[in-house]
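A.B. asks: let me see the structure of the following:
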Amino acid sequence: MQRILLSLLLLLAVQALRGAENESALYLHEAGRDTVATTVQHQVMSRNVFAELFGPSFGVSLGFDSRFRPGSVLGYRVGLGVTSGSVDYSYNHEWRDLSFNGVSIPLEINAVLGSGKSKFEAGLGITAFVLRRDEWKVSGYWEWDDEGETISEPESSFWHGTRPNILGTINMAYRYQRETGFFMRVGLTAFIGAWSCSPIDGVMVLPCLSLGYTFKY
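C.D. replies: As a prediction, the model looks like this:
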């Protein structure tokens, strides 16, 4: 499923890049003189407010997105969300289970490519969390000697508390955006983390869906 979604995103990116053009030019004519054409680059600073499911927030969030300056490909996004879930991990005679809930703050630098309403978006960022974590850890295994006496047994521990967490994010998405009005983003977000400071260990990929509104600045 992830390969199918990634292929669709790449196809949309190619279509957006093929349609890339400079902004429309306006030609001004002064009456009573020889016709003079002056090209004016029409640049609009687009800003978006949106609600998002999954994506960099790792849950449900509200966000704000803007370009750094009018006509710029590069921009940023910030948000505030809530998250909750559970994961388990098993490797080399060690088993861990984690349940968590809390708030998330996604921060991202992104690039938007393409003209018209259909665009391709790619971004890198971090998501900071304040999470309540309930962690259960079991390590080791049962072992007996020939006489049935126990040589070793698993050790278990439990920890719960609230502390900061962080994840790295890589985001790719199709973006539908007009100069003003309805805004939509559909894509995939890859999360990179370590168990000691994140709600995951390794890499996890989740879909994202954003719906919102674009306004001019």
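
A.B. asks: test my guess that residue 77 contacts residue 64.
C.D. replies: Yes - in this structure, residue 77 is within contact of residue 64 by C-beta atoms under 8 Å, at 6.7 Å. For glycine as for every other residue, the C-beta is placed from the backbone atoms N, C-alpha and C.

A.B. asks: looking at these two, which is more packed in?
C.D. replies: Ranked by neighbour count (other C-beta atoms under 10 Å), residue 77 and residue 64 place residue 77 first, with 24 against 14.

A.B. asks: tell me the spacing between that one and residue 190.
C.D. replies: Between residue 77 and residue 190 the computed distance is 16 Å (C-beta to C-beta, to the nearest Å).

A.B. asks: just list whatever residues bridge to the nearest residue to residue 113 once chain neighbours are set aside.
C.D. replies: Nearest non-adjacent residue to residue 113, counting by C-beta to C-beta, 6 or more residues apart in numbering: residue 120, 4.9 Å away. Beta bridges link residue 120 to residue 113, residue 174 when assigned by DSSP bridges.

A.B. asks: residue 98 too?
C.D. replies: Residue 98 has these beta-bridge partners by DSSP bridges: residue 87, residue 135.

A.B. asks: ok, the one 10 residues further on next?
C.D. replies: On the basis of DSSP bridges, residue 108 is bridged to residue 77, residue 125.

A.B. asks: now residue 82
C.D. replies: Beta-bridge pairing for residue 82 (DSSP bridges): residue 60, residue 103.

A.B. asks: contacts only, for it.
C.D. replies: Going by C-beta atoms under 8 Å, 6 or more residues apart in numbering, residue 82 touches 59, 60, 61, 101, 102, 103, 104.

A.B. asks: my guess is residue 56 is in a strand, correct?
C.D. replies: No - read with DSSP: H, G, I helix; E, B strand; the rest coil, residue 56 is helix and lies in no strand.

A.B. asks: please verify my assumption that residue 202 contacts residue 168.
C.D. replies: No - applying C-beta under 8 Å, one finds residue 202 not in contact with residue 168, separated by 11.5 Å.

A.B. asks: tell me which of these two has more neighbours.
C.D. replies: Legend: neighbour count by other C-beta under 10 Å for residue 202 and residue 168, higher for residue 168 (15 against 11).

A.B. asks: low pLDDT regions in this structure?
C.D. replies: Within the chain, the segments meeting pLDDT under 70 span 1-44, 140-142, 144-153.

A.B. asks: which residues of it fall in helices?
C.D. replies: Ranges of helices within the chain are 2-18, based on DSSP state H.

A.B. asks: which residue is nearest the centroid of it?
C.D. replies: The centroid of the chain falls nearest to residue 56 when counting by C-alpha atoms, centre = their mean (3.0 Å).

A.B. asks: distance check, that one against residue 118.
C.D. replies: Residue 56 sits at a distance of 22 Å from residue 118 (criterion: C-beta to C-beta).

A.B. asks: got the contact list for residue 163?
C.D. replies: Neighbour list for residue 163: 130, 131, 133 [criterion: C-beta under 8 Å, 6+ apart].

A.B. asks: could I have the PyMOL command that selects the buried members from those?
C.D. replies: Filtering the contacts of residue 163 down to the buried ones (16 or more other C-beta atoms under 10 Å) takes a single PyMOL command:
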select buried, resi 131+133
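
A.B. asks: just to revisit the earlier point, the residue nearest to residue 113: how many residues sit nearby?
C.D. replies: By other C-beta under 10 Å, 22 other residues sit near residue 120.
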